[in-house]
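Q: what would the 3D arrangement of this be:
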Amino acid sequence: MNVHQLSRPAAIIKHRDVPTKTVDVGGTKFAYRELGPTTGLPVIFLTHLSAVLDNWDPRVVDGIAAKRRVITFDNRGVGASGGSTPNTVEAMARDAIAFIRALGFEQVDLLGLSLGGFIAQAIVQLEPNLVRKIILAGTGPAGGTGIDRVTFVTFFDMIRAALTIKDPKNYLFFTQSPNGKKAAREFLQRLRERTDDRDKPITLGAFNQQLKAVRAFGLERPADLSRIRHPVLVVNGDHDRMVPTSNSVDMARRLPNAELVLYEDGGHTAIFQYHGAFVEKALDFLEP
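A: I've put the predicted structure just below:
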């Protein structure tokens, strides 16, 4: 029987209210949240650099969870999860695989944003049978243009944000057009909707380990993406400063079963800026 035929409606629980759970992964507790239908093939969300559970846009989580089982989690050493954060994308991918296995899943869909997109690519190359479909958002391939400069861009915009008394996400994630600035303000407001049981912020040590992993990924020899035969939706804004948009175009060209969507006047997190259009597209793509 098709696993999708088993999906059934569940009580509607929003991102702002869903409880945080933990699962033992080889002796280490991993924190996660689960919402949407209680059965069916899950969509595992793999998040961006420095992010914890509370950094996902509630409109994206709730939007996809309206029809699909959604699981967000803190990888090893991040937020409320235990252990020490590794400094390679491959190790992060192996931890994510172990987390998925610990929850008892034999196959999943993946949504990888930024660093999460690097990890998603590693997962499907390490365990191709574990994955059915992949969404790669605001991300790029190993050795991609400008990925080794993410640390410079990040610290530059953190300094700029401090000087202007703004959240760095204003600069890192969104364009500086009137539309981009408005979208950034609205996004930051949405991140504050959850008031109880909030996640722990990332530690400086874990953040530094992630930066090392990103830089190493950017310096790697390009992978043979033609070996990834899975359906892939590549999504980005047309003005991504952190992981230049040209990487999305390059990935879509090199992946044999990929579709590319670029949002006009969109930055690194165009899926948050254009959350309504993205959720509609993602749900259509994730159909069996």
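Q: so which elements touch the helix or strand where G116 lies?
A: In this structure, G116 sits in helix 115-126 according to DSSP states H and E. Under the contact definition 3 or more Cβ pairs under 8 Å, 6 or more residues apart in numbering; DSSP states H and E, helix 115-126 sits against strand 43-46, helix 89-102, strand 108-113, strand 131-137, helix 204-219. C-betas here are computed from N, CA, C, even on glycine.
Q: on the three-state scheme, D24 is what?
A: Secondary structure assignment for D24 (DSSP: H, G, I helix; E, B strand; the rest coil): strand.
Q: what about the closest residue to it other than its chain neighbours, how many neighbours?
A: Of all residues not flanking D24 in the chain, A102 sits nearest, at 6.7 Å (Cβ to Cβ, 6 or more residues apart in numbering). Per other Cβ atoms under 10 Å, the neighbour tally for A102 reads 15.
Q: picking up where we left off before, run through who's touching the helix holding G116.
A: For helix 115-126, contacts defined as Cβ atoms under 8 Å, 6 or more residues apart in numbering pick out 45-49, 75, 89-90, 92-94, 96-97, 110-112, 130-131, 134, 136-142, 210, 213-214, 217, 223, 225, 227-228, 230.
Q: could you redo the last one with a cut-off of 7 Å?
A: For helix 115-126, contacts defined as Cβ atoms under 7 Å, 6 or more residues apart in numbering pick out 46-49, 89-90, 92-94, 96-97, 110, 112, 130-131, 134, 136-139, 141, 210, 214, 217, 223, 228, 230.
Q: what subset of the residues you listed is buried?
A: 46-49, 89-90, 92-94, 96-97, 110, 112, 130-131, 134, 136-139, 141, 210, 214, 217, 228, 230 (16 or more other Cβ atoms under 10 Å).
Q: point out where this structure drops to low pLDDT.
A: By pLDDT under 70, the low-scoring segments of the chain are 1-11.
Q: where do the helices sit along it?
A: For the chain, the helices defined by DSSP state H occupy 58-65, 89-102, 115-126, 150-164, 169-172, 178-190, 204-219, 246-254, 270-273, 275-285.
Q: highest mean neighbour count out of those helices?
A: Compared across those, helix 270-273 shows the largest average neighbour count, a mean of 28 (mean count of other Cβ atoms under 10 Å).
Q: wouldn't F278 be in contact with T269 here?
A: No - the pair F278 / T269 is not scored as a contact, 10.0 Å apart, by Cβ atoms under 7 Å.
Q: list the residues that contact both of the two?
A: Between them, F278 and T269 share no contacting residue, judged by Cβ under 7 Å, 6+ apart.
Q: as PDB, could you dump the C-alpha coordinates of stretch 120-127?
A: This file holds the C-alpha atoms of stretch 120-127, laid out as PDB (Å, rounded to 0.1, in the frame of the first residue of the first chain):
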ATOM      1  CA  ALA A 120      20.800  17.200   2.000                       C
ATOM      2  CA  GLN A 121      23.100  16.700  -1.000                       C
ATOM      3  CA  ALA A 122      25.500  14.700   1.300                       C
ATOM      4  CA  ILE A 123      22.600  12.600   2.700                       C
ATOM      5  CA  VAL A 124      21.300  11.600  -0.800                       C
ATOM      6  CA  GLN A 125      24.800  10.600  -1.900                       C
ATOM      7  CA  LEU A 126      25.500   8.600   1.300                       C
ATOM      8  CA  GLU A 127      22.100   6.900   1.500                       C
END
